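In: coordinates for the following, if possible.
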Amino acid sequence: MIIAAAQFTPVPGDIEANASRMAALITEAAERGAGLVLFSELALTHYDRHLIAADPAGMAVTEDDARLAPVREACRATGVATVVNAAGRTGGDRDRPAISSFVLGPDGTLLTRYDKIHLFEGEGDREGASEGQSESALFAPGTADGRFTLGGIRFALATCFDNSFPEVPARAAADGCRVYLASSFHDSAQRVAQYGQLAREHGLHVLLANGTGTGHSGRGCGLSGVWLPSGERVASAAEWTGRVPGDGAELVLSDVRDRITLMADPAVAAIPVQECGEPLVDVRTAAPELLVAELRDDERGAFAQLREGVLKRLLAAQRALPDGLRLKIVEGYRPLELQRRYFEEYVDELRALHPGQEAGQLHQAASRYVSPPAIAPHSAGGAVDLTLVTTEGEDVDMGTPVNASPEESNGACYTGAPDLSPAARARRRTLNAALTSAGLVNYPTEWWHWSYGDRYWALATGADHALYGPKEWGGR
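Out: Alright, predicted model coming up:
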């Protein structure tokens, strides 16, 4: 997945104009392959405490505020998630707002909301700030950490002064977060540089969206950027030093595919299974409206079996597709002995390519493409490999064939691969939107692999247990 920090100077107090600008930046980021866009602190109104204090009800929003409609529509149209930081309503008009990060998913609906926990006590909390109402007097503090999972990656949220407290990134790392998203309004390069130490000390991939421009509360210096878990800064936007033509908009992008939670991750195996007992059903007879490919080496038809709950959701996904497209099922259930053989053969292939790698490294690398047998979603009947075809059953370009390995596709098999043709990227987003809305989750190293009810689904959705465990199938 590509993630992006969007740096621009908002129009003070003009929520409609800023929401439209955000929508345009989301669209631009999508064209460059991004799957998530992060905005700076209070970017919806500009960071100006005097302005918000003068009209706290009018300057505060909820996720369904009509003024955010362009942002929601941009997410739906592009299949990109976004983090919009704004004054967030906490109750009635007389209640203090929070400094809120609204995480809108690829379908434009709310994934989570994080309210800034650590509010600055002083009046001049930023270099050059004029006197005025402090954050702690104007805003209500949040009480819970911000977390969400997208594209197989667990993200943490933090806002500006939060990052001065080491326990905030420490909790993020302890919670299994791989990427740390900071929406801020810092006034100097020295403060921005501290994110390198944060990344290094906690092993986090850090993306910073920092504000620009001046207001009654001070100035933002820009320099939005990316730091690797090593602490190395690998991308940076320009420093803001004064007025520039336009709004100085700039996108900083980073590839976080190596932060994906793989099937071999202990967190997947740790998910308990409470087997619900759903049977396997043959898609070819139970749902003839779904197109099923033929596997010539599987005369018994195991590949066409799926749990009833998965089949129900595939039917809903097909109904959600635009005219002219339908799903084509390539493989569903996979017997355990076949899963074990596939995994061991791929490990052997990787061992030949990388003779110096240790067994644990090979096991981890193999799980990008084939699930370890003990937790394999296919062997639980909860996973399906599929693609899009025309109504007449003709193949369409999805960027790679189904089952292309990372090696032979040069990484293009990853769902969020950056170097796809516009047509392939658009079709993947169409597929993602239909299947996600039906309740399935994608394994992000394989655009064609989707599941429901298995351990990976439980981890991705936050369910406390999986519904499906390994399943024996008697066949015909």
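In: using the three-state scheme, assign the closest residue to D14 other than its chain neighbours.
Out: Spatially, and ignoring its direct neighbours in sequence, D14 is nearest to T45 (8.0 Å; CB to CB, 6 or more residues apart in numbering). To be clear about C-beta, it is placed using only N, CA and C from the backbone, and glycine gets the same treatment. What DSSP: H, G, I helix; E, B strand; the rest coil gives for T45 is coil.
In: contacts only, for T45.
Out: With contact set as CB atoms under 8 Å, 6 or more residues apart in numbering, T45 has these partners: P10, P12, G13, D14, I15, N18, L51, I52, M59, A86, A87.
In: do A302 as well
Out: Contact partners of A302, counting by CB under 8 Å, 6+ apart, are Y333, R334, P335, L338, W473, G475.
In: against L290, how distant is the first one?
Out: Same thing as Y333. Using CB to CB, to the nearest Å, Y333 is found at 15 Å from L290.
In: higher neighbour count, the two?
Out: Shown here are Y333 and L290; by other CB atoms under 10 Å, Y333 has more neighbours (27 against 21).
In: okay, now the unreliable bits of the stretch 51-200 of the chain?
Out: 92-94, 122-132 (pLDDT under 70).
In: okay, strands next: where are they in it?
Out: In the stretch 51-200 of the chain, the strands defined using DSSP state E, counting those that start in this stretch lie at 60-61, 81-88, 98-104, 110-115, 146-150, 153-159, 179-184.
In: now the residue most central in space within the chain: closest residue in space, sequence neighbours ignored.
Out: For the chain, the residue nearest the mean C-alpha position is L150 (2.7 Å; CA atoms, centre = their mean). Spatial nearest neighbour of L150, excluding adjacent residues (CB to CB, 6+ apart): A81 at 5.6 Å.
In: which residues in the stretch 1-150 of the chain form helices?
Out: 15-31, 49-54, 56-59, 69-78, 135-138 (DSSP state H, counting those that start in this stretch).
In: which among the ones you listed is found nearest to L228?
Out: Counting by CB to CB, L228 lies closest to helix 15-31 out of the helices of the stretch 1-150 of the chain; the figure is 20.2 Å.
In: average model confidence for that closest one?
Out: Helix 15-31 shows a mean pLDDT of 96.
In: and it, what does it pack onto?
Out: Using 3 or more CB pairs under 8 Å, 6 or more residues apart in numbering; DSSP states H and E as the contact test, the elements touching helix 15-31 are strand 2-7, strand 34-38, helix 69-78, strand 81-88, strand 250-255.
In: now the ones you listed in TSV, with distance to G222?
Out: Supplementary listing: these in TSV, determined by distance: least, CB to CB, whole Å:
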stretch	distance to G222
strand 2-7	6
strand 34-38	14
helix 69-78	21
strand 81-88	16
strand 250-255	8
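In: looking at these, spot the one closest to Q274.
Out: Closest of the helices and strands packed on helix 15-31 to Q274 is strand 81-88, at 29.8 Å (criterion: CB to CB).
In: out of the contacts of A302, which end up buried?
Out: The neighbour-count test (16 or more other CB atoms under 10 Å) marks Y333, R334, P335, L338, W473 as buried among these.
In: dump the residue contacts of the second one.
Out: Put plainly, it is R334. Residues near R334 by CB under 8 Å, 6+ apart: A302, F303, Y342, A376, H378, S379.
In: residues near the nearest residue to F155 once chain neighbours are set aside, how many?
Out: Leaving out its chain neighbours, the residue that sits closest to F155 by CB to CB, 6+ apart is V179, at 5.0 Å. Residues near V179, counting by other CB under 10 Å, number 21.
In: going forward, begin numbering at 21 instead of 1
Out: Got it, the first residue is 21 from now on, which makes the last one we talked about V199.
In: V199 and P308, how far apart?
Out: When V199 is compared with P308 (using CB to CB), they lie 43 Å apart.
In: same question, R360
Out: Distance check for R360 against P308: by CB to CB, it reads 32 Å.
In: end-to-end on stretch 166-182?
Out: End-to-end distance of stretch 166-182 (CA to CA, to the nearest Å): 11 Å.
In: what does stretch 56-72 give?
Out: 27 Å.
In: which parts of it are buried?
Out: Neighbour-count burial for stretch 56-72, counted by 16+ other CB under 10 Å, picks out 56-69, 71-72.
In: which one of those residues sits closest to L334?
Out: Of the buried residues of stretch 56-72, the one sitting nearest to L334 (CB to CB) turns out to be L56, at 26.3 Å.
In: which residues sit in contact with that closest one?
Out: Neighbours of L56 in contact, by CB under 8 Å, 6+ apart: M21, I23, A24, V100, A101, T102, V103, L170, G171.
In: name the nearest residue to the fourth one, ignoring sequence neighbours.
Out: So that's V100. A50 (4.7 Å).
In: where along the stretch 221-370 of the chain do the helices fall?
Out: Under DSSP H, counting those that start in this stretch, the stretch 221-370 of the chain gives helices at 286-289, 303-306, 328-340, 356-373.
In: coming back round to it: got a quick PyMOL command for the buried subset of the contacts of T65?
Out: Selection of buried members from these for PyMOL, criterion 16+ other CB under 10 Å:
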select buried, resi 30+32+33+35+38+71+72+79+106+107
